[in-house]
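K.L.:
Could you look at this predicted model? Sequence included:
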Amino acid sequence: MTYKYFLGCVIPGRLPYLEASARKTFEKLGMKVGDQANYSCCPDPTGAGQLDHLTWLALGARNLCLFEESNSNILSLCSGCTETLKAVKYSLEKDNKLKEEINSKLNSIGKKYKGNVEVKHFAQVLYENIDSIKKKVKKPLKDLKVASHPGCHYLRPSEIMQWDDPLVPKTLDELIEAIGADPVDYSLKIDCCGNPVEKSNKDISLLMLENKLKSMKDAGTDCIACVCPACYQQFEFNQKEVNKNSNTNYNFPVFYITELIALAFGMNAEEIGLKYHRVKTDEILQKIS
Amino acid sequence: MGTNKKSVMVIGGGIAGIQASLDLAEQGIEVKLIEKNACIGGRMAQLDKTFPTNDCSICILAPKLAECFRHPSIQLYTLSEVKDISGEAGNFKVKILKKARYVKEEECINCGTCIEKCPMRVDDEFDMLLRKRRAIYIDYVQGVPSIVTIDRDNCLFFTKGACRICEKVCEREAIDFEQQDEEVELNVGSIIVATGYDIFNPEYIETLGYGRFPNVVTALEFERLICASGPLGGHLLRPSDKAEPKKLAFINCVGSRDIKNNPYCSSCCCMYTTKEAMIAYEHDNELETSIFYIDLRAAGKGFRDYIERGHNEYAINYIKGKVAKILQDEANNPVIVYEDINTSKVKQIKFDLVILATSMVPKKDASKLSNILGVELDEYNFFKGGFYHPQKSSKEGIFLCGACREPMDIPNSVIDGSGAAAKAAEIVMRE
Amino acid sequence: MQMVNFDFKNEIIKEDFSLNYCYQCGTCSSICPVAFASEGEYNPRKIIEESLMGLKSLLIKEQKPNIWLCSTCQMCVEECPQEVFLTGIFESLKNKIVQTGEKYPEAFKVQAKAIIDNGVAISLSPPIIRRRKELKLPNVESADRIELKNLLKATNFEKKININGDR
């Protein structure tokens, strides 16, 4: 099975260092993942889809077509993109009339969606290769207490995602264990980080983030691991804002799970661009060296 | 080969099976009452009180248990399970596996000496694992037959070949380690299934914290916690720190009316949570109690009055709204997240103890028994009764009663037991 | 005054029949992290209640509660004991708000505009392009604008979402 990356908008356009860690991790695992040209915004399940469902389906289906045409499956680096692409595929599979309607739109650009493309979240592919990850670990991240944040679109709606348990997820914590770190069990693990709410009310979005951070802190967390660029941005960029609003002092380094895996594989901070992190990662690097 | 065909086998010695047995026996019909446990009594024996009269549960049940034991037409087979059945209505041949008790039934007088001296401590299933019993034990004080049993899986003699203390201390020489499981064959005219129900495991609803938070318990655990013969001697304390709880919350419909778990209504919970709140209040009238509900389904006679009494005389605070999320603070206090529907505000309230009204679910081994008997189960795995004759199973000569066919309370189980008995009698009286 | 409007209710039900199954238990508002943080200012049960009564003006014009606060985390959908597809219903309500020309948050417009203009929600800025080079990452080829424009025309996107506020 061949994969090509679906990078989405946020990672290549704002967080390229996360992309670097992902590419290097998959390389190290011996997986050849190609690149696909010409795809657009997935589109954002929390954004454009809320404005016009039909357009969301059409743009999503066009993206699926591109991969279908090149006979490759999708390896998505973003949870939002994964949900959109999976949900579009699911909707069109379930409803033939809808598929015809979307295909009539795609016809205007000379495309046709057939339904022969598999969509996978990168963390799912990592989890499916967990044994080879274990074998490749050079520097186990011993005693590092990592709070995983699965985020919403990695898990739910479970009927569409068909992956981890939507309420008791375990895949990320097992990956964290696989690289020798300690997963942290905290009470609001499955809750939303608040990122999508920022579009309509920043204060509530920050309160949601604060609830998460408090729950992580209470459980004794060293750092946070995410698998979605939206969640990543919320944790990485907005901890300061929470501190300003609520007079707190949260300062958790935030990692993409591929960054932690890359470190455990023995790659250095420079290679994967850890210097671009807003919340400095030095203490963590010291702890694991 | 067994006795005459004019007999009925009743499977399950809970309140429904007991009622069916007594009704049949009173008509002069021989009854073979098969019970899997060492004592009959079933779920009702575990309850503290019954609604809507708040009578002591065991006080109502005990005379019926004694009657079952004494009645010349009822033969009890405890520690027994149905293994095989053949024949047809009017002439069933049944194979029963009667497990060894390792205690001579006719010798034991339940003096308790052996229990006192037994060195093993085992989780007590009758008390919902809330205390320990010994490896030689009786299910509960009023248990019938009133004789002890050796728990083979945990007895030191059977597991390690050592001990035999019970044998030494028993003045009546009632212990018999040589006893063997035996197969009994019975010939009966009809069969009544009265195997009861299990409790939904609320760990499946992870966000409620059961299993993670010590002060979130199930309603049946609460019955034992508050019962005078329970592990706390009737003095209610919460599990985490053995403190007296002052604020209780009951959550109805845990697992019931829920398409993802059990789509049906368990029919008893609205009433028993009110009952449990009343009992708790009688223990301590400074208690503040809240019951969270979807709708109050108080459909039985006197049930609505009962709930009104709960509100007026027992200070129960009924809150409309299902609770989906429980958190816990540093002091192990459960914190309920709920919506106050009057104001649409989403609030958090801290309680000392939260009780989950878990749904009634089919017995784990229902499908095994249904295969042996050759009767159908319904979509949920309850035994399937006829639409117009709910006590008739899918096979002639086999009848159903009590919560093995659908969730029901004690009065309805009694009615159901009598109904099934009447149907079963029709067959054996025919010839 | 809000009027019960069953025509509007039926309009919503036509798009998602599961609305019918709601028995207003409040599971959704108890589990919702936005309701939790906002203490019920955002309240999914209330939106469903209003939908059941077809309270069109409250839902579409006044937008009380503010439906745009939904984070689409799908917790309500996972936990609903009646399998009501809440987020699907909310999405079609939001589509109605947008497409009847009522107000909606600016950030959504900004994203839509970026997609119309560039095909992506976030375009690559010069410093990011530099950073990509530093990290030895391949170039990102952007989507064919003309193709996208034609597709968006086919779905009538620009007109539907009233992007220039000309309605």
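P.N.:
Alright, I've got the coordinates.
K.L.:
State the distance from B:A243 to chain A.
P.N.:
22 Å (C-beta to the nearest C-beta, to the nearest Å). The way it works is simple: take the backbone N, C-alpha and C, and place the C-beta from them, glycine included.
K.L.:
what's the neighbour count on that residue?
P.N.:
14 (other C-beta atoms under 10 Å in any protein chain shown).
K.L.:
got a pLDDT number for it?
P.N.:
What the model reports as pLDDT for B:A243 is 97.
K.L.:
close enough to count as contact, it and B:L236?
P.N.:
No. In this structure B:A243 lies outside contact range of B:L236 using C-beta atoms under 8 Å: 10.2 Å.
K.L.:
List the contacts of A:D185.
P.N.:
Applying C-beta atoms under 8 Å, 6 or more residues apart in numbering or on different chains to A:D185 gives the contacts A:A219.
K.L.:
Repeat that for the one 4 residues further on.
P.N.:
For A:K189, the contacting residues are A:A147, A:S148, A:H149, A:P150, A:P169, A:S215, taking C-beta under 8 Å, 6+ apart as the criterion.
K.L.:
Among those residues, which ones are in helices?
P.N.:
A:S215 (DSSP state H).
K.L.:
Greatest separation within the contacts of A:K189: which pair is it?
P.N.:
A:P169 and A:S215 (15.2 Å; C-beta to C-beta).
K.L.:
how does chain B divide up, domain by domain?
P.N.:
Domain segmentation of chain B under automatic domain parsing yields B:7-99+B:181-196+B:363-430, B:113-169, B:201-359.
K.L.:
among the ones you listed, which is nearest chain C?
P.N.:
Ranking those by proximity to chain C (C-beta to the nearest C-beta) places domain B:201-359 first, at 3.7 Å.
K.L.:
quick revisit: can you check which of the domains of chain B gets nearest to C:N43?
P.N.:
Nearest of the domains of chain B (C-beta to C-beta): domain B:201-359, 5.1 Å.
K.L.:
and that closest one, does that touch chain C?
P.N.:
Yes. Against chain C, domain B:201-359 shows contacts by C-beta under 8 Å from any C-beta of the partner chain at B:207, B:253, B:257-261, B:294-295, B:320-325, B:337-341, B:343-347.
K.L.:
In strands only, show me the residues you listed.
P.N.:
B:C253, B:K320, B:K325, B:V337, B:Y338, B:E339, B:D340, B:K345, B:V346, B:K347 (DSSP state E).
K.L.:
So how do I select the buried members of the residues you listed in PyMOL?
P.N.:
Buried residues within these, by 16 or more other C-beta atoms under 10 Å in any protein chain shown, are selected in PyMOL with:
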select buried, chain B and resi 253+320+325+337+338+339+340+345+346
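K.L.:
Which pair in the ones in strands among the residues of domain B:201-359 next to chain C has the greatest spatial separation?
P.N.:
Once C-beta to C-beta is applied, these give B:C253 and B:K345 as the farthest pair, at 21.8 Å.
K.L.:
quick one, helices of the stretch 201-350 of chain B?
P.N.:
Taking DSSP state H, counting those that start in this stretch to define them, one finds helices in the stretch 201-350 of chain B at B:219-226, B:269-283, B:303-313.
K.L.:
before we move on, what about chain C?
P.N.:
Using DSSP H, helices in chain C cover C:6-15, C:27-31, C:33-38, C:44-52, C:56, C:75-79, C:86-99, C:106-118, C:126-134, C:145-154, C:157-161.
K.L.:
Tell me which of these sits nearest to B:K392.
P.N.:
helix C:27-31 (37.3 Å).
K.L.:
okay, the closest one in PDB with CA atoms only?
P.N.:
Provided in PDB are the C-alpha atoms of helix C:27-31 (Å, rounded to 0.1, in the frame of the first residue of the first chain):
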ATOM      1  CA  THR C  27     -26.900  14.400  28.400                       C
ATOM      2  CA  CYS C  28     -25.500  16.700  25.800                       C
ATOM      3  CA  SER C  29     -25.400  19.800  28.000                       C
ATOM      4  CA  SER C  30     -23.800  17.800  30.800                       C
ATOM      5  CA  ILE C  31     -21.000  16.400  28.600                       C
END
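K.L.:
That helix near chain B anywhere?
P.N.:
Yes. With C-beta under 8 Å from any C-beta as the measure, helix C:27-31 is seen reaching chain B through C:T27, C:C28, C:S29, C:S30, C:I31.
K.L.:
Can you name every helix or strand that that helix contacts?
P.N.:
Applying 3 or more C-beta pairs under 8 Å, 6 or more residues apart in numbering or on different chains; DSSP states H and E, we find helix C:27-31 packed against strand B:334-340, helix C:44-52, helix C:75-79.
K.L.:
Now do residue 159, the pLDDT please.
P.N.:
I went with chain A, as the question did not name one. 95.
K.L.:
meant chain B actually
P.N.:
96.
K.L.:
now the residues of helix C:27-31 next to chain B as JSON lines including distance to C:V77, pLDDT and neighbour count?
P.N.:
Shown next, in JSON lines, are these (distance: C-beta to C-beta, whole Å; pLDDT from 0 to 100; neighbours: other C-beta atoms under 10 Å in any protein chain shown):
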{"residue": "C:T27", "distance to C:V77": "11", "pLDDT": "97", "neighbour count": "29"}
{"residue": "C:C28", "distance to C:V77": "9", "pLDDT": "98", "neighbour count": "27"}
{"residue": "C:S29", "distance to C:V77": "14", "pLDDT": "97", "neighbour count": "32"}
{"residue": "C:S30", "distance to C:V77": "14", "pLDDT": "97", "neighbour count": "28"}
{"residue": "C:I31", "distance to C:V77": "10", "pLDDT": "97", "neighbour count": "26"}
